[in-house]
Structure formats: structure tokens, C-alpha cells
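K.L.:
Here's a sequence, model it:
(2 chains)
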2 protein chains.
Amino acid sequence: MTKQDIIEQILKKQSFLCVGLDPDLTKIPEHLLEKEDPIYIFNKEIIDHTAPYCVAYKPNLAFYESQGLQGWLAFEKTVAYIRQRYPDQFIIADAKRGDIGNTSEMYARTFFDAAKVDAVTVAPYMGEDSVKPFLGYSGKWVILLALTSNKGSMDFQFTEGENNERLFEKVLRVSQQWADDDRMMYVVGATQGRMFEDIRKIAPKHFLLVPGVGAQGGSLEEVCRYGMNNQCGLLVNSSRGIIYADSTEQFGEAAREEAKKLQTEMAKMLKLYLNKTQ
Amino acid sequence: MTKQDIIEQILKKQSFLCVGLDPDLTKIPEHLLEKEDPIYIFNKEIIDHTAPYCVAYKPNLAFYESQGLQGWLAFEKTVAYIRQRYPDQFIIADAKRGDIGNTSEMYARTFFDAAKVDAVTVAPYMGEDSVKPFLGYSGKWVILLALTSNKGSMDFQFTEGENNERLFEKVLRVSQQWADDDRMMYVVGATQGRMFEDIRKIAPKHFLLVPGVGAQGGSLEEVCRYGMNNQCGLLVNSSRGIIYADSTEQFGEAAREEAKKLQTEMAKMLKLYLNKTQ
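P.N.:
Model prediction:
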């Protein structure tokens, strides 16, 4: 998918919501556990109820891998289902991979050739040659960790180097030499509030994938006030708040309601901030 | 496995070799491709021929994931085979994972509960709460990326913060507050040469997992001169140099010869440096 395709979907749906598909067998409705493939059935139900209100889905690989073979199969089936039924949705494999060149190349094949997702999240610690192999696929995206939503983001990401440049700022600056804003996005946690201002100084045009609204406590309004650009430039993710809104047989409807609420908020934000920014 | 168990194996075998099990279908002997499970058969052959000369095996997950379900199955079968047949071998899942707490918890379950490996490599970028979930398993290890073997290690790992402390040094220092040297090791690339001196100033007692000897050009002698401590403190990995030493039906014997050569070198290094260090 191109950047223009994503923007079109956002304007059409008045939503920049990404739904995180993080199925945990200890949290999904109990009645599903008797089924043959509970993770896939759970995902399918969530997807069918939320698709009108979101523009992207983000399965986090950890939740699939922890279920072994069954989990991988459910991941592949989920991606194939979205691809076929909702071809306009942007699919992000939240994998946070990154390894030496020949190994990253294997990961890139896994996600882009085999699973056919649109984007993969990648960790920047190992530098350029660990990220580049993911950039060799036409129409596919790298979403690089910059400033994450968790408490541990304080440990290393704020380390100040030359000219008081913090590590996450260096990641934003240096990685722009590897690809443009039509191939690369950045992860910035919603919990980082006003930091979005600093990030927009370095990466004014890039899309940012923003986790941390909802269960992790980030404010959608703040993210939009400081982070939205004139092409929206945001994909805001919610996982637990939507997919575990209810644990009865009505979990699909409950997920729809939560997604719809967020979409309604997002439509307001687009009205407020989309054309008031640079 | 405890630190003492690892040291005992090293002294007994006079080897601190870790064999990297990175099976690539485009590189393994052609006659195996006709078999039902070529990756597992390849690994089994490599393991049976190298086990007397090494103390650890390190499957890199990328090479298994890229083969989809078949690959995951081959990974699980490989780990189970080593566990059962060579219980003294230390098994490292080279996965370079790291995510927010609840997600890292899922990855920890995947590798320690389901796959039953001894150690997982983890990326430090997201900080303490992304690493801690891996430390909650008795007898299991975290191997944290510190200074990697690739060219991209120059991009961020040498960023100098307060008091000229470089990022990899900060990772070594800060992470020691999370666990001791009986639960945590560090990845340091063999290509980093004299940097091992600086690393030993901060982490004198820790085991270091050292990739980059062989195909990547690191020197075993240099690694030992600057990196060995009085408990050895090194697990030196070789992947391609051993497992692809030959592409005929004799690949097992060729792998044995390469592993034996490295073990012979390592025995010399232990004689030279083991008791001459602090």
C-alpha cells in the first residue's frame, strides 16, 4: 500500500484507528476455547465488527508464537482473511525484529513474502544493515521503534549524545538516510505526550504508529494536538481496550462499540487539527 | 543450567564453542531437499557430528520462521532432540525479542515454557520492563545485545552520553541492576576486537556470547586475549563456517572437522589465557 492509499482510507473513514490483534487465550471469551481454532475465530469476529471503523490491523507476533504451531497458523489465516475480505486495510506485523543482514533478510521474507503483511515493526539497536533488508520490498513498509510507550523507554531512549541529541532523535534523524516517508514510519508511544512536538521537528511528514492509548494511559487528544500533520500522519493503535471490551458471546458487538467510539473521537480530531497544522 | 554447569562443561570439553543452527534451504545439501523434514534432518546430522566439540547450540529463529509452520516444527523438534540426546548442551534461542511487559511475557513463555530452551537473546532498546519478564524463570538466562558484530553497530551503539559513556556501556551498566551474572549474559561481536577490554571493565564476571568469528571476520585469539576471564566467560559462536563447510553427503563429517579445529584452538586459548586473567 502507498502512503496515498493510507491517507485516502483515513479521509474516507474519518478514522486513523489501528486495531491491535493480540489474542491471549487467558482473556478471550471462554466459550471460544472449545472451538477448534479459538484464536482465528476470535480475530475474525473482532475484524468483522471493527473493519468499518479502522484503517489498519496490527497482530503482535508474541501472542501467536506463544501458541506454537497453532498460533502461527492462526496468524497466517488472520492475515489471509483480512487481505481477502478487507483489501483496503493496512496490515502491520508487530514483530520488533532486527538482526544482522542475512538474518534480517530471512525475517523480511517471512513477513513480506510468506505472510504478505504491509509493514513490520523493527528495532533500531543494530543499525542500518539490520533494517535495510526490510526495505527491499516494493510497496512494503518498515516501522522503526523510536520512542516507545513503556516505562523502560526512559532507560536508553533519552540518552543524550552530541549536541544534546537524544537517542530516539538520533534514530529518527539517521534512519531518514535509509528510506523516505513513503517507506518508513516510526513507533511513538501515546504516553509520550508533548514529545510529539519534538518528533515532528525531525520527522514532519512521516506517519507515526502510536500505541499506548487506552490500557497504557495515553491521551488521544494530546497525541493529535502535538502529533498530527496535514496528511494526518498518525495511526493510533488500541488493542486491549477494544478486543477485550467484553468477555461474553457479545464480545464482537462490544468491540464494535469501542472502535466506533474511538472513530467518533478521531473524526473530531481530524476536524480540529488536520488543516491547522503545517 | 547454572553458571557452574556451563563452566564445568567448558573445562571438561576444553571448548567454549557454540554452534549456530541457521539452516537455509538455499544452502543446505541438495539431497536433503527431497526428505520430508530437511531442516530437522540437517540439524540432527550437524548436532550428532559436533556435540563432542561444543558446549552450546544457538538456533536463530529467523531461519525457522521464514519456513512457516514447517520451520517452527523443525525448531521445536531440534530443541527437543538436543534436550533428550545431549542434556549437557546449553540451548540459546537467538530471537532478539523485546516488547512491552505483557508482550515480552508472552515471548518468555514461548521460549522457556513451550520450547524449553535455556536462554533467549533480547534487544535492550525498550529498557527494563521489556527484559524483566524473561528473568522470571528459574534456571533460565537472558542474553542481552550489547555490542553487536555487524557494521550497523556503529550507528547507535557508540553514541556517547553523560561522562562519555557509550550506549553499549550504558546497557552493560544499567542492566546489571536487573539481574546478576548468574542470569544474564551479553552479546558482544568478535569483530569488536579490543573493545572487549572496555567491556570487561564494566562486566568482569559475565559470560559473553560472541558471534562473528569466521564468516564475519572476527579473530578468536583477540577475543580471548581481551575477553576471557578466570571462568572463561566466553561462548564463541560459529554458524556458517561449520554448518556449510561442505554441501555434499559428507556435510556432517565436514562440520565435525571444522568444529574440532575450533575446539583445538579453544583448548590452546584456555591454556594461554584462563589463569592469567583477573
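K.L.:
name the element residue A:5 belongs to?
P.N.:
Following DSSP states H and E, the helix or strand that holds residue A:5 is helix A:3-13.
K.L.:
Distance check, residue A:80 against residue B:240.
P.N.:
34 Å (C-beta to C-beta, to the nearest Å). (Each C-beta comes from the backbone N, C-alpha and C, glycine too.)
K.L.:
quick one: which of these two has more around it?
P.N.:
The residue with more neighbours, out of residue A:80 and residue B:240, is residue B:240; 15 against 12, by other C-beta atoms under 10 Å in any protein chain shown.
K.L.:
so who does the more buried one touch?
P.N.:
The contact partners of residue B:240, taken as C-beta atoms under 8 Å, 6 or more residues apart in numbering or on different chains, are B:20, B:22, B:214, B:215.
K.L.:
One more pass at 6 Å, please.
P.N.:
The neighbours of residue B:240, taking C-beta atoms under 6 Å, 6 or more residues apart in numbering or on different chains as the test, are residue B:215.
K.L.:
now residue A:139
P.N.:
Contacts of residue A:139 were listed using C-beta under 6 Å, 6+ apart, and none were found.
K.L.:
Tell me the spacing between it and residue B:202.
P.N.:
Look at residue A:139 and residue B:202: by C-beta to C-beta, they are 44 Å apart.
K.L.:
With residue A:195 instead?
P.N.:
As for residue A:195, its distance to residue B:202 is 30 Å (criterion: C-beta to C-beta).
K.L.:
quick one, which of those two is more surrounded?
P.N.:
residue A:195 (20 against 17).
K.L.:
What backbone torsions are found at residue A:56?
P.N.:
Torsion angles at residue A:56 (phi, psi; degrees, to the nearest 10) stand at phi -150, psi 150.
K.L.:
Skipping its backbone neighbours, what lies nearest the residue of the stretch 151-278 of chain A found nearest chain B in space?
P.N.:
Among the residues of the stretch 151-278 of chain A, residue A:152 lies nearest to chain B; the distance is 2.4 Å by C-beta to the nearest C-beta. Distances taken as C-beta to C-beta, 6 or more residues apart in numbering or on different chains put residue B:127 closest to residue A:152, at 2.4 Å, once the chain neighbours are dropped.
K.L.:
who in the stretch 151-278 of chain A is up against chain B?
P.N.:
With C-beta under 6 Å from any C-beta of the partner chain as the criterion, the stretch 151-278 of chain A meets chain B at residues A:151, A:152, A:155, A:156, A:159, A:160, A:161, A:174.
K.L.:
mind listing what the fifth one touches?
P.N.:
I take that to be residue A:159. A:167, B:161.
K.L.:
Residue A:236 is in contact with residue A:210, isn't it?
P.N.:
Yes - at 4.7 Å, residue A:236 and residue A:210 qualify as touching, with contact defined as C-beta atoms under 6 Å.
K.L.:
Show the backbone phi and psi for residue A:90.
P.N.:
Its backbone dihedrals place residue A:90 at phi -90, psi 130, with angles given as degrees, to the nearest 10.
K.L.:
thought it was touching residue A:1?
P.N.:
Yes - counting by C-beta under 6 Å, residue A:90 does reach residue A:1; the two are 5.5 Å apart.
K.L.:
what about the residue of the stretch 151-278 of chain A closest to chain B, how many residues close to it?
P.N.:
By other C-beta under 10 Å, the burial measure for residue A:152, its neighbour count, is 22.
K.L.:
Repeat that for residue A:172.
P.N.:
The burial count assigned to residue A:172 is 24, neighbours taken as other C-beta under 10 Å.
K.L.:
my guess is it contacts residue A:201, does it?
P.N.:
No - counting by C-beta under 6 Å, residue A:172 does not reach residue A:201; the two are 9.4 Å apart.
K.L.:
ok, residue A:97 to chain B distance?
P.N.:
7 Å (C-beta to the nearest C-beta, to the nearest Å).
K.L.:
Touching, that residue and residue A:108? I think so.
P.N.:
No - in this structure, residue A:97 is not within contact of residue A:108 by C-beta under 6 Å, at 8.6 Å.
K.L.:
Fine by me, we can end here.
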